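Student: Fold the following and give me the result.
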Amino acid sequence: MPADYNRGNHTVYDIKYHIVWITKYRYKMLVVKVAERLRELIRQGCDARGLTIVKGSVGKDHVHLLQNEFPKFRKRYWGQHLWAQGYFCATVGSVDEETIKKYIEQQDLTGEGENFKIDE
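Tutor: Numbering: from 1, shown residues only. Purely as a prediction, here's the structure:
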């Protein structure tokens, strides 16, 4: 059994999620400093919750994230919103992990060797 499986008292599992967020109205606002800061915040949030980012990318109007567990979302902001209300999430079981990694990699983004790229 591979060592990178998650383990509980009576469980062993490996669940990865491909999560895609889009900006409201697909506005292309995730550029330069905003994209860098967003990536930093996503990394900090994942670290704080013990989530591993397998692969990620920040496009001008969307974010792809392949991670090992699904985050718990809360409604916090009722005023101005950056994100659209919906989101897409699929477990890796319907598409193999390598296909998702290649898809995220082919987003034509910069940052060779980086597991979380930003669209320039």
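Student: quick one: average confidence on the biggest helix by length in the chain?
Tutor: Longest helix in the chain by number of residues, with DSSP state H as the criterion: helix 32-48. Averaged over helix 32-48, pLDDT sits at 92.
Student: now the angle from the helix or strand just after that helix to helix 32-48?
Tutor: Under the assignment DSSP states H and E, the closest C-terminal helix or strand after helix 32-48 is strand 53-58. Going by axes from the mean of the first three to the mean of the last three Cα atoms, to 10 degrees, strand 53-58 is angled at 160 degrees with respect to helix 32-48.
Student: ok, residues contacting strand 53-58?
Tutor: Counting contacts by Cβ atoms under 8 Å, 6 or more residues apart in numbering, the residues outside strand 53-58 that touch it are 16, 30, 35, 38-39, 42-43, 46, 63-68, 97, 100-101, 104-105, 107, 109, 115-119. For every residue, glycine as well, the C-beta is placed using N, CA and C.
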